[in-house]
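> next input, structure requested:
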Amino acid sequence: MSAIGILTYLFGVIFLLSASAFAYYALRNARLMRGALGHRLMAAGSVTSIVGLIVSAIEFLFFSGPIMALPVLGIWILAVLLIVFGGILRGKDIRRVLKISGVKSILMLATTRYYLIGIIVLVFCHMPLRVLSFSYRHFGAASINWTDAAGACTLAIAFVSLVVGERRLYLTTRLSATVVGSKESKEIGLLQSDMLAVRGYEALTNTFLARVKPVISDNILEKTLTDYFEYNPILFEGCILKKDGTIGVAPALRNLDRIPRENGVQTVCTLFARLNSKLMNLYGAVTSLELAEKTLEDSYVSVRKQYGDIPVLFDILRSMPKGVLENEKLALLSKEALEAKVRQRTQELEETLKELAEAKDYMESVIKSMIDILIVVDLEGRVRTINRVAGEILGYEEDELIGQPVNRVFTRAASSLLLGGELEKLKKGGTVRDYEIEIKAKDGRVIPVDLNASLIMECGEPKAVQIVARDVTERKRTEEELESSRQQLRDLARHMESTREGERTRIARELHDEMGQVLTALKMDLSRLSKTLSQDQISLHEKTISMLELTDTAIKTVKRLATELRPGILDDLGLTAAIEWQAEEFQQRTGIKCEVSLYPEDINLDETLSTAIFRVFQETLTNVARHARATRVKISLEEKAGKLVLQVIDNGRGITQKQISAPSSLGLVGMRERVLPWKGEVKTSGIRGEGTTVAVRIPLGQEGEIP
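Numbers count the residues shown, from 1 in each chain. Below you'll find the predicted structure:
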């Protein structure tokens, strides 16, 4: 036997095996699918081609010559036609279910590509060789020639390609046998895919769960899934999260009877898509939305690699959450749908551009109407934008400062601060608010401004610093005038207080010295007069005694008035003794118990300061007697942390913050003003129902004296 004969027989064996396998898988797929006439025709074509091979062998062995050549050619033509028409029906089914064009189905489905290769080889390679072989037979060739070998080769190639595609399809559709039993297996296939949709989404969801489970706790996952299952009982009633972290969908398969067949796949995909969207958002809240979308995309790709080109996976792809596999979704669109998508996107872009233009015009009008200085500085310290007001205040044209260093406007210290330490604060999301600095005008004037600054971000990165500054020259001048006026009022008040204190001292001294002496002399004269009266002058004697008593009362009144005007003990024995005396006198007069603690007992203070502290103390006790309704007062005077601290604590009803800040609380204002010249402070606080605390703190000098 020649080499051509050996090759012919070898290719014939390959063809016989591949054609048998193709017929087997085609019939199996026809059983698994509804409406699979194309598979039956292709199986019939395969069987017919096997018959053609057998008849060809008989014709070659027993009927040499052209006697059987024509019937053999007819059998081969019938076989090819059956396979071609079966492939055409198969392609129509694919386009109808996937709603994509034939070209897209070839690009997206491996099985379609294998079918196409096999049919092309059969029609355009094998059939011409078969006709040529018929011609040789017709003209009496009796031996195997090169046309027989080439025809057997192309036939083997065609059926190997067809069987590879049919087997791949069988492996994907065989998944239906694992979904339901043999009775219902015909309900699943290319045209009835609701159960495959459940299985496909089960694989996708469990793959996604396996990837997010290390990040999200089991309790949160279980609660999320349980709530979703309870909220969508039409499909998920009975579904649970298993101990291994996966979901079981056997109940969902039973629940498919609740969903109309005509939109079963769409409903299943919608419900599962919402579940995966919920899981994606949960995962994105813990990590990031971008990572969650990428993880769901990887899960889908993994499932598609595992199960191949199951048509229902394309329905799952269409239902994926927005932002996931958008390019792949676009690939599924028909030409009309893609054009509609482009028109919609174009319209959205036009609307966006219109909105951006309107926003730009609005911002320009806002900037022009601003009464504040607006300067935009890049991170290199150069001016990028200024507004009209900035040019008017600084004396520059708007274009004159563009591109110039920022220190041309701001002082060097302010420039380094804005682009140095404060810039780090801005990068962390903060802002610079109410920051007072000085800027330089073109003519050299220094203008005080109140500055606010914030970062301008582009694509998540800082690009520039936006500075809004308000000229506060008038405000500064007003503040200075107000402070000057306030200081003058304080000086006037201190002068008046000093004058009043001097008058009190003078009047007290005159009362004590002159009036006291007169009353004492009058008392002595009355006493002597009383002694010179005879006993029978009873009425005069009684009158004299009455006058002596009135004189004693007058002496006591003069003494009390002199003490109240200016306690002599304050001048003679100092502040601590005066406080002890005042506390004792207050206790005797009001019945409120006073506890006095003085440390040290002798404090060397300026006479004016001693008077101020004593008057504050007197005012505090007066407030206690008038308003506190207290039964006990604790008084302490001590040196603490370089300060002289006077503290008065009562157990009365407690002063409120509203009472402290009330305009009518002039006594408290007077207390604060009395110690202000010595940089002292008076703090008043109260707790409702527990009492009030008044604390006076005045800094001490190096040796315990007031500076």
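> which residue ranges make up each domain of this structure?
Following automatic domain parsing, one gets these domains for the chain: 3-179, 193-332, 370-471, 477-562, 572-699.
> minimum distance to V342: which of those domains has it?
With C-beta to C-beta as the criterion, V342 lies closest to domain 193-332 of these, at 9.7 Å. The C-beta positions use only the backbone N, C-alpha and C, and glycine is treated the same way.
> how far off centre is the closest one?
From the chain centre to the centre of domain 193-332 is a distance of 27 Å (C-alpha atoms, centre = their mean, to the nearest Å).
> state the mean pLDDT of that domain.
Mean pLDDT, domain 193-332: 80.
> need the domains of the chain in a markdown table (columns: mean neighbour count).
Formatted as a markdown table, these follow (neighbours: other C-beta atoms under 10 Å):
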| stretch | mean neighbour count |
| --- | --- |
| domain 3-179 | 19 |
| domain 193-332 | 17 |
| domain 370-471 | 16 |
| domain 477-562 | 13 |
| domain 572-699 | 17 |
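> adding distance to E348, write the ones you listed out as JSON lines.
JSON lines is the format used below for the domains of the chain (distance: least, C-beta to C-beta, whole Å):
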{"stretch": "domain 3-179", "distance to E348": "24"}
{"stretch": "domain 193-332", "distance to E348": "14"}
{"stretch": "domain 370-471", "distance to E348": "21"}
{"stretch": "domain 477-562", "distance to E348": "53"}
{"stretch": "domain 572-699", "distance to E348": "57"}
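> out of those, the one nearest D361 is which?
If you check each of the domains of the chain against D361 by C-beta to C-beta, domain 370-471 wins as the nearest, at 15.3 Å.
> and that closest one, end to end?
Using C-alpha to C-alpha, to the nearest Å, one end of domain 370-471 lies 12 Å from the other.
> same check, this time on stretch 570-580
Start-to-end span of stretch 570-580 (C-alpha to C-alpha) is 10 Å.
> neighbouring contacts of it?
567, 569, 596, 598, 601-603, 605, 607, 610-611, 613-614, 617, 635, 637 (C-beta atoms under 8 Å, 6 or more residues apart in numbering).
> circling back to that earlier point, out of the domains of the chain, nearest to A340?
Closest to A340 of the domains of the chain, according to C-beta to C-beta: domain 193-332, at 11.8 Å.
> just confirm V633 is within a helix.
No. Using DSSP: H, G, I helix; E, B strand; the rest coil, the secondary structure at V633 is strand, not a helix.
> beta-bridge partners for it, please?
C594, D650 (DSSP bridges).
> what lines up beside the top strand by length along the chain in the sheet?
For the chain, the longest strand by residue count, based on DSSP state E, is strand 446-458. Next to strand 446-458 in the sheet, as set by DSSP bridges, lie strand 432-440 (antiparallel), strand 461-471 (antiparallel).
> residue closest to the middle of this protein?
The geometric centre of the chain, computed from its C-alpha atoms, lies nearest to A285 (C-alpha atoms, centre = their mean), at 9.7 Å.
> can you pull out the low-pLDDT segments for the stretch 401-550 of the chain?
The model of the stretch 401-550 of the chain has pLDDT under 70 over residues 411-432, 460, 490, 493-494, 497, 501, 504, 508-509, 512-513.
> let's verify the closest residue to S665 other than its chain neighbours: helix, strand, or coil?
Closest residue to S665 apart from its sequence neighbours, by C-beta to C-beta, 6 or more residues apart in numbering: Q659 at 6.4 Å. When classified by three-state DSSP, Q659 comes out as helix.
> right, and I157 touches L122 too?
No. If you go by C-beta atoms under 8 Å, I157 and L122 don't touch, sitting 9.3 Å apart.
> so which strand or helix has T205?
Assigned by DSSP states H and E, T205 belongs to helix 194-212.
> report the beta-bridge partners for V645.
Beta-bridge pairing for V645 (DSSP bridges): E638, R697.
> next, the contact list for it, please.
Neighbour list for V645: S636, L637, E638, E639, A695, V696, R697 [criterion: C-beta under 8 Å, 6+ apart].
> how much space between it and V633?
16 Å (C-beta to C-beta, to the nearest Å).
> R167 against A21, yeah?
Yes. Counting by C-beta under 8 Å, R167 touches A21, with 7.3 Å between them.
> quick one, strands of the stretch 501-650 of the chain?
Along the stretch 501-650 of the chain, counting by DSSP state E, counting those that start in this stretch, strands occupy 593-599, 632-640, 643-650.
> okay if I get those as CSV plus mean pLDDT?
Output for these, formatted as CSV (pLDDT from 0 to 100):
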stretch, mean pLDDT
strand 593-599, 90
strand 632-640, 91
strand 643-650, 92
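> so for G403, which of the ones you listed sits nearest?
Counting by C-beta to C-beta, and looking across all of these, nearest comes strand 643-650 at 55.9 Å.
> kindly calculate the angle that that closest one makes with strand 593-599.
170 degrees (axes from the mean of the first three to the mean of the last three C-alpha atoms, to 10 degrees).
> C-alpha coordinates for strand 643-650, PDB please?
Output of strand 643-650 as PDB, limited to C-alpha atoms (Å, rounded to 0.1, in the frame of the first residue of the first chain):
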ATOM      1  CA  LYS A 643       0.100  84.900  93.000                       C
ATOM      2  CA  LEU A 644      -1.900  86.400  95.800                       C
ATOM      3  CA  VAL A 645      -5.200  84.500  96.000                       C
ATOM      4  CA  LEU A 646      -8.300  85.700  97.900                       C
ATOM      5  CA  GLN A 647     -11.200  83.200  97.800                       C
ATOM      6  CA  VAL A 648     -14.700  83.600  99.200                       C
ATOM      7  CA  ILE A 649     -16.900  80.600  99.100                       C
ATOM      8  CA  ASP A 650     -20.500  80.500 100.400                       C
END
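> all set, thanks.
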